[in-house]
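>>> Coordinates for the following, if possible.
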Amino acid sequence: MKFSIIAAVDKKMGIGIGNRLPWKLAGDLKYFSKVTFGDAILAASGKMNVVIMGRKTWESLPEKHRPLKGRYNIVLSRSALEEPTGGEWGALVLDKLNVVNSLEGALVLIERSPNVGGVFVIGGANVYAQAIAHPDADKIYLTEIEGEFNCDAFFPPIPPETFEKKTVSEMHEENGIRYRFAEFTRK
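Numbering: from 1, shown residues only. Prediction:
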């Protein structure tokens, strides 16, 4: 099951501090929503995208935005009772919390669900590290933020032998912070 990774990073590949984003960039949130929602063609086909995140990322989302609407939400938690095996685990539930205990468990659950469009890993650091090393990681959407934010959580190094930067947007500026959107693809 091919999947993408989406993140925003500062100059030192920082992604967060104290389980929160250290910046407020409406443009980046809009980009995140646009990428992870998919398009009208996908929606017309009856398929929805999936977002996979760790428990801490889930807890960092404002409660009013949990689960992320219009997408299947999968949370990885070591305390999940079992891997998906059928029955209630047999298919994803839209706009509800689906919990599994590993990235592999999430991919199994996704493969069993017929109405899946794209799949996006959205954090945090440990989940990104697992995802970037996974052979099915196909694309990385990265918001590159100029500046350093004293982060305590970091995106893993992007292996140049595996991924190459294909596109970079023009520079944006918001709240005195400059950023751009880059896309990496598997070689």
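
>>> mean confidence for the host helix or strand of Gln130?
Mapping Gln130 onto the secondary structure by DSSP states H and E places it in helix 125-133. Mean pLDDT, taken over the full extent of helix 125-133, equals 97.

>>> quick one: contacts of that helix?
Taking C-beta atoms under 8 Å, 6 or more residues apart in numbering as the criterion, the residues outside helix 125-133 that touch it are 3, 5, 7, 15-16, 52-54, 57, 76, 103, 121, 137, 140, 153-156, 158-159. (C-beta placed from N, C-alpha, C; glycine too.)

>>> one more time with 10 Å
For helix 125-133, the surrounding residues in contact (C-beta atoms under 10 Å, 6 or more residues apart in numbering) are 3-7, 9, 13-16, 52-57, 75-76, 102-104, 106, 120-123, 137, 140, 151-159, 162-163, 184.

>>> Break down the protein into its helices, ranges please.
Ranges of helices in the chain, per DSSP state H, are 26-37, 40-44, 55-60, 103-111, 125-133.

>>> Whichever of the contacts of helix 125-133 end up buried, select them in PyMOL.
Here the buried members of those are turned into a PyMOL selection, burial being counted by 16 or more other C-beta atoms under 10 Å:
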select buried, resi 3+4+5+6+7+9+13+14+15+16+52+53+54+55+56+57+75+76+103+106+120+121+122+123+137+140+151+153+154+155+156+158+163+184
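
>>> what ranges of this protein fall below the confidence cut-off?
Low-confidence regions of the chain, defined here as pLDDT under 70, cover residues 40, 80-96.

>>> Give me the residue at the spatial middle of the chain.
For the chain, the residue whose C-alpha lies nearest the mean C-alpha position (C-alpha atoms, centre = their mean) is Ile122; its distance is 1.8 Å.

>>> mind checking how far Ile122 is from Val51?
In this view, Ile122 and Val51 are 5 Å apart by C-beta to C-beta, to the nearest Å.

>>> Now for these two: what residues contact both?
Common neighbours of Ile122 and Val51, using C-beta under 10 Å, 6+ apart, are Ile6, Phe32, Thr36, Thr57, Trp58, Leu68, Arg71, Asn73.

>>> what's the closest non-adjacent residue to Arg20?
Counting by C-beta to C-beta, 6 or more residues apart in numbering, the nearest residue to Arg20 once its immediate chain neighbours are dropped is Ser60, at 6.0 Å.

>>> Count the neighbours of that neighbour for me.
Using other C-beta atoms under 10 Å, Ser60 has 17 neighbouring residues.

>>> re earlier: who wins for proximity to Glu146 among the helices of the chain?
Comparing the helices of the chain by their distance to Glu146 (C-beta to C-beta), the top pick is helix 26-37, with 12.7 Å.

>>> Now do the buried residues in that closest one.
Here helix 26-37 shows Asp28, Tyr31, Phe32, Val35, Thr36, Phe37 as buried, counting by 16+ other C-beta under 10 Å.
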